[in-house]
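Just to be clear, the model below is a prediction. Sequence and coordinates:
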Amino acid sequence: MSDRLPTHLMVGALLRRVNDAGGMAMVRAKGDPQGGAILLLIESRSSPVRVLERTITFDGVAILAESVPPDGAEAYWRRRCSRDPDLWVVELDIPEAERFAAETILLN
């Protein structure tokens, strides 16, 4: 048994924090409630959509790794979901979105 929070609880907490702070957060794809990976789409009015993914390093430390998909964020996450049905895709539209994500989903 793992002492890591289930993915659905981390995603739910992130959604509430962002929405309570006046931003917008929504789930674009639901994955496995217990252990699915989390991919974040960071919206910005001044730049293209950024893609961050919660990953675990070899040391067991959770980090947010940035991906730069050559064919755009939308095509990238849809392709990833077709290969990984456990993947959660969450879109965030708030200033300092990476900070909200780090404070919420990296603490486990």
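Received, thanks.

which residues touch whatever helix or strand residue 90 lives in?
Using DSSP states H and E, residue 90 maps to strand 88-93. Here strand 88-93 makes contact (C-beta atoms under 8 Å, 6 or more residues apart in numbering) with 7, 11, 14-15, 18, 23-31, 36-43, 77, 80-81, 100-101. C-beta here means a position set from N, CA and C on the backbone, and glycine is covered the same way.

now that strand: how far from the chain's centre is it?
6 Å (C-alpha atoms, centre = their mean, to the nearest Å).

quick one: strands adjacent to that strand?
strand 24-29 (antiparallel), strand 38-42 (parallel) (DSSP bridges).

Could you identify which of those is most buried?
Mean neighbour count (mean count of other C-beta atoms under 10 Å) peaks for strand 38-42 among those, with a mean of 23.

quick one: average confidence on that one?
Per-residue pLDDT over strand 38-42 has a mean of 94.

Using PDB, list the CA coordinates for that strand.
Extracted C-alpha coordinates of strand 38-42, given in PDB (Å, rounded to 0.1, in the frame of the first residue of the first chain):
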ATOM      1  CA  ILE A  38      -1.300  14.200 -14.700                       C
ATOM      2  CA  LEU A  39      -0.600  16.300 -17.700                       C
ATOM      3  CA  LEU A  40      -1.300  20.100 -17.400                       C
ATOM      4  CA  LEU A  41      -2.200  22.500 -20.100                       C
ATOM      5  CA  ILE A  42      -1.200  26.000 -19.000                       C
END
